[in-house]
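Enquirer: I would like the atomic coordinates for the input below:
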Amino acid sequence: MWPEKPIVQAPMAGGPSTPELAAAVSEAGGLGFLAAGYKTPEAMRADIAATRKLTSRPFGMNVFMPSLDQVDPAAVARYRARLAPEAARLGVEPGVPGARDDAYDGKIADLVSDPPAFVSFTFGCPTPDVIRALKDRGATVIVTVTSVDEALRASEADVLCLQGPEAGGHRASFANTLDDAQPLRALLPAVREATRQPLIAAGGLATASDVAEVLSLGADAAQFGTAFLRCPESGASDVHKAALTDPRFTSTAMTRAFSGRPARGLVNRFLAEHSGEAPAAYPDVHYVTAPLRRASAAQGDPDGVNLWAGESFRETTETDAAALVAELTPA
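Expert: Reported below is the predicted structural model:
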């Protein structure tokens, strides 16, 4: 069931992960992933069905754990008011907070009925009964962790995906914190010492030599997200793909400005202006900023969009997914 090549394509919610991308990676001998985040159970199932039509090889689906944040509604309201001028400039209204569980129960019920080969979790660890139910249906369960403590709390998972702070997109930590996390290459051996579970290393990786390095430090596979964003099979927006090579964007930073949870993206105007005021309120802030992000993308404005990217974003290419898997596989 484990992929032939030690390359995992990261699940990227919000559009980048597509059936075409996941299937191409799996067909090339890696492990492709779909992302259920922000989708309905029905849309998640449609993605699984579409991927199964494209490949008979194993692939995975990632699920967001429900938010446990204790949110201050007044802080969210203040942030929403702060964004009113941004919204007016774009011709939209800031959004309003909605459901906080990302339809978790419905997605779990659907996956237990007919899971893909791998099911992974982000923002926490599912209960033992959920893990057992998925395992009983033949799925390999992966929990994403960011520390030794989280790894120990996910002891019933089959596999751990160890995410370093260098990774693009949301930090997968169980708690909504902006702590001083250990770099991946320091964290990996520490987690390896604490558990015998297979480990997938993620965070700022870009080359076959990076893969060889993390394998030597105790990983069993390497996960790439940003590297796949510019592939033709990726569903990332044209604005996002172009920004990865735009000389105006020279660095990445962790921010809560777009979603209310720490996530690494290219430093654009929105990130720079609003990061200091964004409350720790996920997914409330995600809902508030959603209309602004959609409008900015539609207008081709990269300064108002969440340009998720890892620290190695300058290494990205337009290579198709299968060729990229081959390039990333150590000799």
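Enquirer: all contacts plus neighbour counts: C-alpha atoms, from now on.
Expert: Will do.
Enquirer: for the stretch 151-300 of the chain, what spans make up the strands?
Expert: Secondary structure of the stretch 151-300 of the chain (DSSP state E, counting those that start in this stretch): strands at 159-163, 169-170, 199-202, 221-224, 252-255, 263-266.
Enquirer: can you redo these as a markdown table with distance to Leu292 and mean pLDDT?
Expert: Below are those laid out as a markdown table (distance: least, C-alpha to C-alpha, whole Å; pLDDT from 0 to 100):
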| stretch | distance to Leu292 | mean pLDDT |
| --- | --- | --- |
| strand 159-163 | 29 | 98 |
| strand 169-170 | 18 | 98 |
| strand 199-202 | 30 | 98 |
| strand 221-224 | 28 | 98 |
| strand 252-255 | 16 | 98 |
| strand 263-266 | 17 | 98 |
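Enquirer: Check those for me and report the most buried one.
Expert: strand 199-202 (a mean of 28; mean count of other C-alpha atoms under 10 Å).
Enquirer: what sits up against that one?
Expert: 8, 159-164, 167, 184, 188, 192, 214, 218-224 (C-alpha atoms under 8 Å, 6 or more residues apart in numbering).
Enquirer: May I have it as CSV, with CA atoms only?
Expert: Taking C-alpha atoms only, strand 199-202 is exported to CSV below (Å, rounded to 0.1, in the frame of the first residue of the first chain):
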residue,chain,number,x,y,z
LEU,A,199,7.0,9.5,9.4
ILE,A,200,6.3,11.7,6.4
ALA,A,201,8.4,14.8,6.6
ALA,A,202,7.0,18.1,5.3
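Enquirer: That strand pairs with which strands?
Expert: Strand 199-202 has the following strand partners under DSSP bridges: strand 159-163 (parallel), strand 221-224 (parallel).
Enquirer: still on that earlier bit, between the strands of the stretch 151-300 of the chain, which one is closest to Ala36.
Expert: strand 169-170 (14.2 Å; C-alpha to C-alpha).
Enquirer: other SSEs contacting the closest one?
Expert: Contacts defined by 3 or more C-alpha pairs under 8 Å, 6 or more residues apart in numbering; DSSP states H and E place strand 169-170 against strand 263-266.
Enquirer: Would you mind pulling up the elements that the strand it packs on packs against?
Expert: Using 3+ C-alpha pairs under 8 Å, 6+ apart, strand 263-266 is in contact with strand 169-170, strand 252-255.
Enquirer: want to throw these into TSV with distance to Tyr104?
Expert: Formatted as TSV, the helices and strands packed on strand 263-266 follow (distance: least, C-alpha to C-alpha, whole Å):
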stretch	distance to Tyr104
strand 169-170	18
strand 252-255	25
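Enquirer: Among those strands, which comes closest to Val71?
Expert: That would be, of the helices and strands packed on strand 263-266 and by C-alpha to C-alpha, strand 252-255, which comes in at 17.2 Å.
Enquirer: out of the helices and strands packed on strand 263-266, nearest to Leu205?
Expert: Of all these, it is strand 169-170 that lies closest to Leu205, at 13.6 Å by C-alpha to C-alpha.
Enquirer: And the closest one, how far out from the chain middle?
Expert: Here strand 169-170 is found 5 Å from its chain centre; the criterion is C-alpha atoms, centre = their mean, to the nearest Å.
Enquirer: Over to stretch 104-115?
Expert: 20 Å.
Enquirer: So for it, what gets flagged as buried?
Expert: Tyr104, Lys107, Ile108, Leu111, Val112, Pro115 (16 or more other C-alpha atoms under 10 Å).
Enquirer: Which secondary structure state is assigned to Asp149?
Expert: helix (DSSP: H, G, I helix; E, B strand; the rest coil).
Enquirer: Neighbours of it, how many?
Expert: 11 (other C-alpha atoms under 10 Å).
Enquirer: go on, the one 3 residues further on?
Expert: Taking other C-alpha under 10 Å as the criterion, the count of residues near Leu152 is 13.
Enquirer: How about Asp179?
Expert: Residues near Asp179, counting by other C-alpha under 10 Å: 9.
Enquirer: got it, and His274?
Expert: Neighbour tally, His274, other C-alpha under 10 Å: 16.
Enquirer: The closest residue to Phe270 other than its chain neighbours and Arg89, how far apart?
Expert: Nearest residue to Phe270 in three dimensions, chain neighbours excluded: Gly304, at 5.4 Å (C-alpha to C-alpha, 6 or more residues apart in numbering). The spacing between Gly304 and Arg89, counted by C-alpha to C-alpha, to the nearest Å, is 11 Å.
Enquirer: who has more neighbours, the two?
Expert: For Gly304 versus Arg89, the count of surrounding residues by other C-alpha under 10 Å is larger for Gly304: 22 against 10.
Enquirer: And the pLDDT for that one?
Expert: We have a pLDDT of 98 for Gly304.
Enquirer: Could you do Glu327 as well?
Expert: For Glu327, the model assigns a pLDDT of 98.
Enquirer: same deal with Ser67?
Expert: We have a pLDDT of 92 for Ser67.
Enquirer: One more: Ala167?
Expert: So Ala167 comes in at 98 (pLDDT).
Enquirer: need the contact list for the closest residue in space to it that isn't next to it in sequence.
Expert: Closest residue in space to Ala167, ignoring its immediate chain neighbours: Gly203 at 3.7 Å, by C-alpha to C-alpha, 6+ apart. By C-alpha under 8 Å, 6+ apart, Gly203 lies in contact with Gln163, Gly164, Pro165, Glu166, Ala167, Gly168, Leu184, Gln223, Phe224, Gly310.
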